[in-house]
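**Q** all I have is the shape, not the residue letters:
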Ligand SMILES: CCCO[C@@H]1O[C@H](CO)[C@@H](O[C@@H]2O[C@H](CO)[C@H](O)[C@H](OCc3cn(Cc4ccccc4)nn3)[C@H]2O)[C@H](O)[C@H]1NC(C)=O
């Protein structure tokens, strides 16, 4: 599998936005957008699953602390289709992380109380076209 996009040395503050624009593969099984301190300490692992890990058309969110996954949070909405071009906007504050996609806004607790995003990684069946910080 191709290595996805990884961006380090970021300094994204509360209220600011990380925008990831890209295209979901036409045969996607799943993809993930990860933000946090580094690969082992994630504020949010945002993982739309078309058909993987036993899930079908399910968004799974989680955190990771010192390399250990937290408790998964499965969302009710699945606003993605194979081949979609999407823009995913992630912002946060002391209490929660928000993930805005067309038509739906997902929320996830800022379990680790992280005060900045230093790391972004996009993995799986998603071709990144652009990223923007605003
Ligand atoms: C019921 C007992 C077993 O539970 C299962 O345990 C699996 C292993 O921990 C859970 O799957 C893991 O869930 C994590 C989030 O909680 C992550 O999603 C783990 O994947 C990390 C990962 C990303 N990637 C790159 C990637 C990303 C997207 C598509 C393709 C590759 N490779 N591995 C993924 O392997 C999976 O979500 C979990 N299922 C349930 C229902 O709890």
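**A** It's in. In this text, all values refer to a predicted model and were calculated from it rather than measured experimentally.
**Q** how about stretch 16-36 and the ligand, any contact?
**A** Yes: remark: stretch 16-36 sits within contact range of the ligand at 30-32, by C-beta under 6 Å from any ligand atom. (C-beta placed from N, C-alpha, C; glycine too.)
**Q** neighbour count and pLDDT for those residues - can I get that in JSON lines?
**A** Formatted as JSON lines, these follow (neighbours: other C-beta atoms under 10 Å; pLDDT from 0 to 100):
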{"residue": "30", "neighbour count": "22", "pLDDT": "98"}
{"residue": "31", "neighbour count": "25", "pLDDT": "98"}
{"residue": "32", "neighbour count": "21", "pLDDT": "98"}
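**Q** okay if I get those as a markdown table plus secondary structure and distance to residue 48?
**A** Written out in a markdown table, the entries for the residues of stretch 16-36 next to the ligand read as follows (DSSP: H, G, I helix; E, B strand; the rest coil; distance: C-beta to C-beta, whole Å):
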| residue | secondary structure | distance to residue 48 |
| --- | --- | --- |
| 30 | strand | 6 |
| 31 | strand | 6 |
| 32 | strand | 8 |
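**Q** and the residue in the chain that the ligand sits nearest to, bridged to which residues?
**A** For the chain, the residue positioned closest to the ligand under C-beta to the nearest ligand atom is residue 124, at a distance of 2.8 Å. Applying DSSP bridges to residue 124 gives these bridge partners: residue 31.
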